[in-house]
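**Student:** Give me coordinates for this.
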Amino acid sequence: MSCSEATRIILLRHGEVDAAKAVFYSQMDVPLSERGKKSSLTVSRVLEPVPISWVLSSDLSRCLFLARAIAAARGVGVEARRELRELDFGLWTGLGWDEIEMRFPGAIKKRMSNLESYRPPMGESVGDLAERAWGLIQQVVSEYHGRIVAVVSHGGVNRVIIAKAVGLPLQNIFSIHQDFSCINVIDFFSDGLAVVRALNWLPGVSEGFYP
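**Tutor:** Purely as a prediction, here's the structure:
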C-alpha cells in the first residue's frame, strides 16, 4: 500500500469478544475470545509490510490488543483515545433486545427510526458518536498528511467514520457491515475527497478465525 498524496487511514475492528451475543455491551470492557485474539494477530501479521506511522485505538482492551500488536511490530506507539469508544448505550448497556423492550417498551423502534438523534436513557445518539469520532479523524488526517495511520475501534464507530467519509446519511449506517477483525482502508485527499480502497476485508478467513 502507498499513499503519496493522501492520508491513509487503516480502520480496523477489534476481534471477537468473549461475551453474550445480541447484548448491547457498549462501553463495557469485555475481553476478547481466544478466536478474537488469534484473528487480531493474523491482522497484525498481514499489516507488517505496511509503513504505518502511528496507531490510535479505543481505550478499551478489546481494541488495544490489536493496536499494540500492530505497533509492536514496527516500534511505534499506541495512542489510546476515548473518542474511539463504542457508542454509549447508557441504561441499555449489558441488556439484550428482549430485556430492553420489556423495560423500555417501543424504545428500540423509536431509535431505529431516528438513529442520528435518538438517545437511550443516559446514553448517546449516533449523531453524538459521529461528532466525537469524526472530529478525531479530521484531526488525524490533518496531522499525518501523506502518511498511513492505523485506527482500531468498534463496529458502530467504524460505520460512522465510513459513512461520514463517503457522505452516507447516518440513518443508513447499518448498510455498512463490519465483521470482527476486519480491515477498511480510506484515503483522505487535501481537497476533501475520501476514497474507500477496502471495506470489511477479512484476511485469514481460510484459517477459520472468523465466524
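
**Student:** Would you confirm that residue 95 contacts residue 103?
**Tutor:** Yes: Residue 95 is within contact range of residue 103, at 7.3 Å (criterion: C-beta atoms under 8 Å). (Glycine included, C-beta is placed from N, CA and C.)

**Student:** buried ones in stretch 185-193?
**Tutor:** Residues of stretch 185-193 classed as buried by neighbour count (16 or more other C-beta atoms under 10 Å): 185-188.

**Student:** taking these one by one, which sit in strands?
**Tutor:** Judged by DSSP state E, strands contain the following of the buried residues of stretch 185-193: 185-188.

**Student:** Please identify which of residue 95 and residue 103 sits among more neighbours.
**Tutor:** Comparing residue 95 with residue 103 by other C-beta atoms under 10 Å, the one with more neighbours is residue 95, at 20 against 12.

**Student:** what's stretch 190-200 in contact with?
**Tutor:** 1, 5-6, 8, 145, 162, 165-166, 176-179, 182-189 (C-beta atoms under 8 Å, 6 or more residues apart in numbering).

**Student:** which residues in the chain form strands?
**Tutor:** Using DSSP E, strands in the chain cover 7-13, 54-58, 78-81, 148-153, 183-188, 194-201.

**Student:** Quick one: list the elements packing against the lengthiest helix in the chain.
**Tutor:** As assigned by DSSP state H, the longest helix anywhere in the chain is helix 126-143. Under the contact criterion of 3 or more C-beta pairs under 8 Å, 6 or more residues apart in numbering; DSSP states H and E, helix 126-143 touches strand 7-13, strand 148-153, helix 155-166.

**Student:** The residue nearest to residue 159 when sequence neighbours are not counted: neighbouring residues, count only.
**Tutor:** Excluding its sequence neighbours, the residue lying closest to residue 159 (C-beta to C-beta, 6 or more residues apart in numbering) is residue 173, at 4.1 Å. Number of residues near residue 173 (other C-beta under 10 Å) recorded here: 23.

**Student:** list the contacts for residue 173?
**Tutor:** 115, 126, 156, 159-160, 163.

**Student:** Where does the prediction get shaky in the protein?
**Tutor:** Within the chain, the stretches with pLDDT under 70 are 1-4, 20, 204-211.

**Student:** and with 90 instead?
**Tutor:** 1-5, 19-22, 73-77, 203-211 (pLDDT under 90).

**Student:** if I look at the nearest residue to residue 36 once chain neighbours are set aside, how far off is residue 32?
**Tutor:** Nearest residue to residue 36, sequence neighbours excluded (C-beta to C-beta, 6+ apart): residue 15, at 2.9 Å. Distance check for residue 15 against residue 32: by C-beta to C-beta, to the nearest Å, it reads 5 Å.

**Student:** and what of residue 179?
**Tutor:** Counting by C-beta to C-beta, the gap from residue 179 to residue 32 is 14 Å.

**Student:** same thing with residue 57?
**Tutor:** 13 Å.

**Student:** How about the contacts made by residue 77?
**Tutor:** 54-55, 71.

**Student:** Relative to residue 201, which of these is nearest.
**Tutor:** Comparing those against residue 201 with C-beta to C-beta places residue 55 closest, at 18.0 Å.
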